[in-house]
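Colleague: Let me see the structure of the following:
(4 chains)
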Protein chains: 2
Amino acid sequence: MRAGAPRRALRPTAKALPEHARAHNRSLVLAHLFHEGASSRADIARSTSLTRVTVSGLVADLMAEGLVEELGIRAEGKVGKPATFVAMRTESFQVVAVDLADDTRMQGAVVSLVGEVVSRREAPLDGVTGDAAVDLLETLCRQLLADAQHPVLGVGIASPGVIDTDGRVVAAPNLGWSDLPLSALFERRLGVPVHVANDANTRALGEFTYGTASGSGAIVVTVGQGVGSGVVVDGALVSGRHNAAGEIGHVTVVDDETAGETPYPCACGRRGCLETVLSVPALRRRIAGLDPQDSDAALASVGRLLGISLAPVVSTLDLEEVLLSGPPELLDGPLLEAALTTIRARTMPVIGHELTMRMGSLDEDGVLAGAAVLVLSGQLGVT
Amino acid sequence: MRAGAPRRALRPTAKALPEHARAHNRSLVLAHLFHEGASSRADIARSTSLTRVTVSGLVADLMAEGLVEELGIRAEGKVGKPATFVAMRTESFQVVAVDLADDTRMQGAVVSLVGEVVSRREAPLDGVTGDAAVDLLETLCRQLLADAQHPVLGVGIASPGVIDTDGRVVAAPNLGWSDLPLSALFERRLGVPVHVANDANTRALGEFTYGTASGSGAIVVTVGQGVGSGVVVDGALVSGRHNAAGEIGHVTVVDDETAGETPYPCACGRRGCLETVLSVPALRRRIAGLDPQDSDAALASVGRLLGISLAPVVSTLDLEEVLLSGPPELLDGPLLEAALTTIRARTMPVIGHELTMRMGSLDEDGVLAGAAVLVLSGQLGVT
DNA sequence: TCACGTTTGTTAGTAGAACTTCCTTATTAA
DNA sequence: TTAATAAGGAAGTTCTACTAACAAACGTGA
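Modeller: Have a look, this model is predicted:
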């Protein structure tokens, strides 16, 4: 006879209007063209299960906005009236992408809509923080906006630290930022849409859009100065209560009882964090001066620690893929293999056995590509 | 200059039609009435940000279907025309809920729309499995359908094992079921809508709807014969690649190097799974014959193992709450405290410090309440 | 060669949804 | 009694996508 008054809705939802449906279907058409390339209106209709009439209307709108163009008649000879190709004008728009993950310099680029870097710029940080860093970033963005040869859809900024969904930097210690409404501020200053997200999440977005990561459930672990990750669950990036989802670098993996390891102090003030063994500096320290065999064993021991901490995550979320991103000479070998072996050994066969774990397919520009996706997703609804 | 052809969309989306908007808004109205109780049409309009006209139309539809009724004039004296209360007719409909988590018997109940058990029935399993278990379940459901004093919206079944989103039992070893389309089968046989889900996920649904769990990010760990969990991330239950999300019971937490512990064999064929220390039988074994102090220490040691395995999950998903469900005399005390302490010690302060961990607020009928939510959510879109 | 079927894309008309505007009703406050 | 306030409904507008029908352009096969 136990009962309880119903408390609250699981997911606070917003009202739905007809024009929302229109916007949704518009994104559907755009996403098809983005992912599948040039297609006929009838192709789009089949793929989206909208009618040809509706697709024609949406395509007409998109052509009027200059986002889509007709390419001419399909060559292949099949029966029936030949199809007219339409395609997204990916070459006629660009995106400005900035990567703030590096401690020493800001990396920026003009990026095409398919994630190709067209031109780049750097701004050495020289230890500036706070407002000075904001100004430096603004200058870099202005230069990149001037560099672009085509209209810029927006600016995408990947920053370390905690960023909320409105593009406000809640905390980015390296840059001395806290509670900084970066997105709103730069939209005012630059006059173009600005999207900001955490660097590891941004890289994950890049992997999902341009790389080979699958959308059902995956985690992309980024290994650099620190260790971060982006998590996709049921097709969407996880943000978390404090927008701190993916912060796996400061999970304790080494304590006094861990065989063969010593818990080293971490920048966060605690000891034995994953970052103290898996970050690039930590890995380099660990293998410095070792001969290849000992080095491999040392890397494998870190892989095992990574596997131990990932196993509960993989199992709880029933993930499909684990991707590693960072220097291949450190990660792609004994470390990755040991991590995968460890995860498989520590999870149910049905989950661990079908798990794939590998290096991400994007290189150091993956974050820039992801920043482009931020804009694409925010402005056009394309993911 | 690295690039990649865009591969696939992150989230495969379906077309949007105006009538979908209607259904969505209809659920919005229903959900408001469900969670807030009797309200005027104008109240609903304010809460949903729909117009009064639209709300009036939707309420008229719902009244024609008998789901909603007018209650009369609001008593409180404010200026303006007095409001007419409308309310969901929660007492005029019922749900049949069945809990298959127990190895020895099927537990069923007629449940009101607010999660109250109206009447119950049990069916001893006596070791039957496979088709015989299906027949037993059908008989139980028919009896419960006959027991109901009001029209039944549907049947909600919580089963152990892996259940896909269509209500197909992929694998439920205890019941000898595999690849059984339970939902479709019973809809044909019983003639009412049938919804099936994993028992741990169902309990999580119950906690979120009738209990005190918050929707942003939480995990509900159910401790019974085995150990399972349901995970809510960004307001939605996680299903996972194999629909096996939440299967935390078979994560390895004890290996040969774990101080003070011995890895015991598990039913899954491996050793040292969480289930070998945290399940109710394992806990009872562990504290059997110990005096209170030793018993507390033994429970705390299990709590510590739970905390170690949950810490990476809490940190990666930036969860807000961890709920434990099961016998309070085992869980609510040293075990829970040790687990929370361990999680806090092993995660970033910002994540761990604000984490709350406590017992779920629903008792042994939580699964039945969750099964009612399955129907409510599936039939009315109310969560 | 030529009628026929097929496919594409468009035009016209229909149905559904939610909005704004205006009105009636009912109550309190001055 | 009058003005202000609020609830609820009626009428008409706008937006959306659908079905039905059609013209254009092309292969196929007699």
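Colleague: who are the neighbours in contact with the residue in the stretch 251-383 of chain A positioned nearest to DNA strand D?
Modeller: DNA strand D sits closest to A:Gly381 of the stretch 251-383 of chain A, with a gap of 12.8 Å, by Cβ to the nearest atom of the strand. Placement of C-beta: from N, CA and C, glycine included. Contacts for A:Gly381 (Cβ atoms under 8 Å, 6 or more residues apart in numbering or on different chains) come out as A:Ala23, A:His24, A:Arg26, A:Ser27, A:Leu30, A:Ala31.
Colleague: at 10 Å instead, please
Modeller: A:Ala23, A:His24, A:Arg26, A:Ser27, A:Leu28, A:Leu30, A:Ala31, B:Thr13 (Cβ atoms under 10 Å, 6 or more residues apart in numbering or on different chains).
Colleague: cool, and A:Ala338?
Modeller: A:Asp296, A:Ala297, A:Leu299, A:Ala300, A:Ser301, A:Val302, A:Gly303, A:Arg304, A:Leu305, A:Leu306, A:Gly307.
Colleague: One more pass at 7 Å, please.
Modeller: The contact partners of A:Ala338, taken as Cβ atoms under 7 Å, 6 or more residues apart in numbering or on different chains, are A:Ala300, A:Gly303, A:Arg304, A:Gly307.
Colleague: These, buried ones only, as a ChimeraX selection?
Modeller: Buried subset of these, written as a ChimeraX selection, criterion 16 or more other Cβ atoms under 10 Å in any protein chain shown:
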select /A:300,303,304,307
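Colleague: Also near chain B: which of the contacts of A:Ala338, exactly?
Modeller: Near chain B, taking Cβ under 7 Å from any Cβ of the partner chain as the test, no member of those is found.
Colleague: The contacts of A:Ala338: which two are farthest apart?
Modeller: Using Cβ to Cβ, the contacts of A:Ala338 reach their maximum pairwise distance at A:Ala300 and A:Gly307, which is 10.0 Å.
Colleague: backbone phi and psi for the closest residue to chain B within the stretch 101-250 of chain A, please?
Modeller: Closest approach between the stretch 101-250 of chain A and chain B, counting by Cβ to the nearest Cβ: A:Gly240, at 2.5 Å. Backbone torsions for A:Gly240, taken as degrees, to the nearest 10, come to phi 90, psi 170.
Colleague: how far away is it from B:Gly360?
Modeller: 21 Å (Cβ to Cβ, to the nearest Å).
Colleague: Equivalent analysis for A:Ser178, please.
Modeller: 36 Å.
Colleague: For the stretch 1-150 of chain A, just list every one of the strands.
Modeller: A:39-40, A:68-73, A:84-88, A:94-99, A:105-112, A:117-124 (DSSP state E, counting those that start in this stretch).
Colleague: thinking again about what came up before, please type out the PyMOL selection for whichever of the contacts of A:Gly381 turn out to be buried.
Modeller: Of these, the buried ones go into a single PyMOL selection, burial set by 16+ other Cβ under 10 Å:
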select buried, (chain A and resi 24+26+27+28+30+31) or (chain B and resi 13)
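Colleague: from the contacts of A:Gly381, which ones fall inside helices?
Modeller: A:Ala23, A:His24, A:Arg26, A:Ser27, A:Leu28, A:Leu30, A:Ala31 (DSSP state H).
Colleague: Out of those, which is nearest to A:Ala123?
Modeller: A:Leu30 (32.7 Å).
Colleague: Surely that closest one and A:Thr383 touch.
Modeller: No: applying Cβ atoms under 7 Å as the test, A:Leu30 and A:Thr383 come out as separate, 10.5 Å apart.
Colleague: with the ones in helices among the contacts of A:Gly381 in mind, which one is nearest to B:Thr356?
Modeller: A:His24 (36.3 Å).
Colleague: any idea what sits nearest that closest one, other than its immediate chain neighbours?
Modeller: Nearest residue to A:His24 in three dimensions, chain neighbours excluded: B:Ala16, at 4.1 Å (Cβ to Cβ, 6 or more residues apart in numbering or on different chains).
Colleague: who's in contact with A:Asp179?
Modeller: A:Asp179 is in contact with A:Val170, counting by Cβ under 7 Å, 6+ apart.
Colleague: That one should be in a strand, yeah?
Modeller: Yes: per DSSP: H, G, I helix; E, B strand; the rest coil, A:Asp179 lies within a strand segment.
Colleague: Check the secondary structure at A:Arg358 for me.
Modeller: strand.
Colleague: And for it, the neighbour number?
Modeller: Other residues within reach of A:Arg358, judged by other Cβ atoms under 10 Å in any protein chain shown, total 14.
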